[in-house]
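Trainee: got a sequence here, can you build the structure:
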Amino acid sequence: MSLFDSVDHYYARYRPRLPDQVVQILAREQAGVAAPMLLDLGASTGQVALSMLPALPPASRLDLVDQDEGMLRTALDELGPQLGERTATVHAVPAEKFAPAQPCYQADLVTCCQAFHWMDRPAVPAMADQVAAPHAAVAIMGDGSLWTHRAGWIVALREVIQSHLGAVRRAGTTGTYREPGRRYEDDLAESAFSEIAEHRIPFTPVWTPRSVLGYLRSTSFARPDLFADHAGFEDQAQELLLQHARDGVLHEDGVFTVLLARRPGAAR
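Mentor: Residues are numbered from 1 along each chain as shown. Sure thing, here's the model as predicted:
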């Protein structure tokens, strides 16, 4: 069973898309390519692809890889009306198992947002080395999750979750979450993509109590089936969020990190 079974609706509706500055950074990686190929790993319901669409030329191709077929179906539903002449193909396999059907396939950009920690981290760059164009970059990116952020309302919300599920962060039906043993930079440094540039983009996400509850339903640490009384938890969480909201909204000061990794000497 996937960590995120049956949560594609909440993913599509409540998971945020990329900040505009991140889209600009990624778009520069494909500048000058007439028909770029974007390979998105751990694509879920297509947040990266949807964010990137306005910056992609009409002849672009998008390949979305995720183990969850339901999420990929939702991604196609979300992308379809906005694709125009672009094409999108989904692949329901683990990221490291992606194998393009075309023998001359070359991705111009490989992205992985908020999902690298769930993957076979040495195997993913090794796979990317087989399918990425010589000039391509691998972008590992994200801003953590509401479990890790430090705004006062988030700390209080985490305490409510822990009062129901225990102090240790849950990881879906598989047990508890374990922090990565080392940095993503170290994984990349030992791969073919060992030339790494880090971009840290400050941004201020705006939430509402409703969107926070929807987001929590999509997570591995607060999905509904973890709770003996999920309705009771949501009532308690909503009351707390309403107390912290100002004019109906909740703010946090975030940092979105993008690790852009290339093969040494690759043209930019």
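Trainee: just the buried residues of stretch 137-152, please?
Mentor: Buried residues in stretch 137-152, counting neighbours by 16 or more other C-beta atoms under 10 Å, are found at 137-143, 145-147, 149, 151. Placement of C-beta: from N, CA and C, glycine included.
Trainee: same check, this time on stretch 248-265
Mentor: Taking 16+ other C-beta under 10 Å as the criterion, stretch 248-265 shows 250, 252, 254, 256-263 as buried.
Trainee: quick revisit: got the buried residues of stretch 137-152 as TSV, with pLDDT and distance to residue 37 columns?
Mentor: Converted to TSV, the buried residues of stretch 137-152 look like this (pLDDT from 0 to 100; distance: C-beta to C-beta, whole Å):
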residue	pLDDT	distance to residue 37
137	96	13
138	98	13
139	98	14
140	98	18
141	97	18
142	95	22
143	92	26
145	81	29
146	84	33
147	82	34
149	84	34
151	91	38
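Trainee: among these, which are located in strands?
Mentor: 137-142 (DSSP state E).
Trainee: quick one on the thing from earlier: redo the buried residues of stretch 137-152 as TSV? Include distance to residue 125.
Mentor: Converted to TSV, the buried residues of stretch 137-152 look like this (distance: C-beta to C-beta, whole Å):
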residue	distance to residue 125
137	12
138	6
139	12
140	9
141	14
142	16
143	21
145	23
146	28
147	26
149	28
151	33
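Trainee: tell me which of those residues is nearest to residue 119?
Mentor: Of all the buried residues of stretch 137-152, residue 119 sits closest to residue 140, with 10.0 Å by C-beta to C-beta.
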